[in-house]
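*Asks:* structure, please.
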Amino acid sequence: MLRFKIKEMIAKKEFEEGRRITITEIAEATGIHRMTLSKMMNKRGYNTGTENLDRLCAYFGCEIQDLVEYIPTPDSEAGQDAG
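*Replies:* Residues are numbered from 1 along each chain as shown. Below you'll find the predicted structure:
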């Protein structure tokens, strides 16, 4: 499963810039719908396109590994034993 670390990236940007950053601000700056951002932040296993990830990396000035974390699930680990 992929976990999006948007909340962590917001906190980091808020600290660096010394101000509060809202989801609405990110939505307007990236062109990603507010509801999509909310789902990425709060819904486990939410699936999104690479275009959204690209836009978020550009907004936060980060690499993809700063934004996305791979978390093995029992289902994905079972497939690794075959072979």
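*Asks:* end-to-end on stretch 44-53?
*Replies:* 16 Å (C-alpha to C-alpha, to the nearest Å).
*Asks:* contact partners of that stretch?
*Replies:* M1, L2, R3, F4, T30, I32, T36, K39, M40, I64, L67, V68 (C-beta atoms under 8 Å, 6 or more residues apart in numbering). Placement of C-beta: from N, CA and C, glycine included.
*Asks:* by contact count, what packs against the helix or strand containing the third one?
*Replies:* Per DSSP states H and E, R3 falls inside strand 2-4. Where contact means 3 or more C-beta pairs under 8 Å, 6 or more residues apart in numbering; DSSP states H and E, strand 2-4 is packed against strand 68-70.
*Asks:* hey, where'd the helices end up in this protein?
*Replies:* Here the chain has its helices, by DSSP state H, at 6-17, 23-30, 34-42, 50-60, 64-67, 74-80.
*Asks:* want to throw those helices into JSON lines with mean pLDDT and mean neighbour count?
*Replies:* Output for the helices of the chain, formatted as JSON lines (pLDDT from 0 to 100; neighbours: other C-beta atoms under 10 Å):
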{"stretch": "helix 6-17", "mean pLDDT": "97", "mean neighbour count": "14"}
{"stretch": "helix 23-30", "mean pLDDT": "98", "mean neighbour count": "15"}
{"stretch": "helix 34-42", "mean pLDDT": "96", "mean neighbour count": "15"}
{"stretch": "helix 50-60", "mean pLDDT": "97", "mean neighbour count": "16"}
{"stretch": "helix 64-67", "mean pLDDT": "96", "mean neighbour count": "14"}
{"stretch": "helix 74-80", "mean pLDDT": "62", "mean neighbour count": "8"}
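*Asks:* cool, thanks, signing off.
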